[in-house]
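Enquirer: can you look at this prediction? I've put the sequence above it.
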Amino acid sequence: MSTITITLPRPRIGRLPLVGTACALAGAAAAAATFALVGSPGSRSAAPAAQVYTGPAHAFTLTLPNGWSAASHGQLAGALAVVRSRDGRAAVVVSPGVALSGDMRTATKQITALLQRRFAGFRPLGAREISTRAGAAYLYSFVRGSVVQSVAVASVDGRTYLLNAIVATGAGDRAREAGAIVGSFGG
């Protein structure tokens with residue numbers, strides 16, 4: 001199993017608290033993304049073509065496929081970006097993150113244990129290393145209720161971010177689009 005290290009420019013603390021903090025932030029972002037999913041999809045207009053979304057202070061970019069739009073800054077509720085599909089069946093939320101370090105197998109076991117306690121109906125799907133425009137990222141996917149959620153931990157310019165992709169079950173096209181958005185994450 002490969003080792004992934006994503007670091008923040010701040011003092012290190014033990015590995016277990018980092019994973020716990022990452023999960024707590026993932027839970028907060030999940031709540032924001034779930035809120036984004038139940039918003040009124042009819043009020044959003046479609047983008048004419050793929051567009052690039054630039055995060056605050058030009059810290060990161062995302063490429064949004066046709067039919068996806070970004071929430072206004074007043075709707076972000078602590079997130080750095082919330083983008084959602086026109087039909088309201090998928091959203092990607094970008095939040096500040098904390099460093100994960102160590103072996104992926106250990107991190108995956110710890111995250112699984114935390115999320116099993118946090119979400120009723122939790123079912124893990126898997127964890128792996130993925131590629132984004134910013135480089136390697138850790139991705140953990142699971143099902144909870146009627147949504148599939150993937151949490152990616154990625155870094156750009158020494159800053160770590162959580163990317164939460166939340167997709168209604170049965171929305172395969174939206175899942176592929178959300179995956180493409182996460183893959184487009186870069187500086």
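Expert: Structure received.

Enquirer: can you list the weak-confidence ranges in this protein?
Expert: For the chain, residues meeting the criterion pLDDT under 70 lie at 1-49.

Enquirer: quick one, helices of it?
Expert: With DSSP state H, the ranges of helices along the chain come out as 15-37, 104-118, 172-183.

Enquirer: off-centre distance for the last one?
Expert: Computed by CA atoms, centre = their mean, to the nearest Å, the chain-centroid distance of helix 172-183 equals 11 Å.

Enquirer: give me phi/psi at the closest residue to A168 other than its chain neighbours?
Expert: Leaving aside its chain neighbours, A168 sits nearest to R89 (4.3 Å; criterion: CB to CB, 6 or more residues apart in numbering). Every residue, glycine included, has its C-beta placed from N, CA and C. Torsion angles at R89 (phi, psi; degrees, to the nearest 10) stand at phi -90, psi 0.

Enquirer: was I right to think R89 contacts A165?
Expert: No: counting by CB atoms under 8 Å, R89 does not reach A165; the two are 11.8 Å apart.

Enquirer: not counting its neighbours along the chain, what's nearest A90?
Expert: R174 (3.7 Å).

Enquirer: how about F185?
Expert: Closest to F185 by CB to CB, 6+ apart is T132, at 4.5 Å.

Enquirer: in the sheet, who's paired with that neighbour?
Expert: G135 (DSSP bridges).

Enquirer: how far away is it from F119?
Expert: Separation of T132 from F119 (CB to CB, to the nearest Å): 25 Å.

Enquirer: who's more crowded, the two?
Expert: Neighbours per residue (other CB atoms under 10 Å) separate T132 from F119, with T132 holding more: 21 against 16.

Enquirer: so the more buried one sits against G183, correct?
Expert: Yes: assessed by CB under 8 Å, T132 is found in contact with G183 at 5.5 Å.

Enquirer: for T54, which non-adjacent residue is spatially closest?
Expert: T61 (5.3 Å).

Enquirer: any idea how many residues pack against the one you found?
Expert: Around T61 there are 18 residues (other CB under 10 Å).

Enquirer: try R117
Expert: Count around R117 with other CB under 10 Å applied: 9.

Enquirer: likewise for A57?
Expert: So A57, with other CB under 10 Å, has 7 neighbours.

Enquirer: ok, it to V156 distance?
Expert: In terms of CB to CB, A57 sits 12 Å off from V156.
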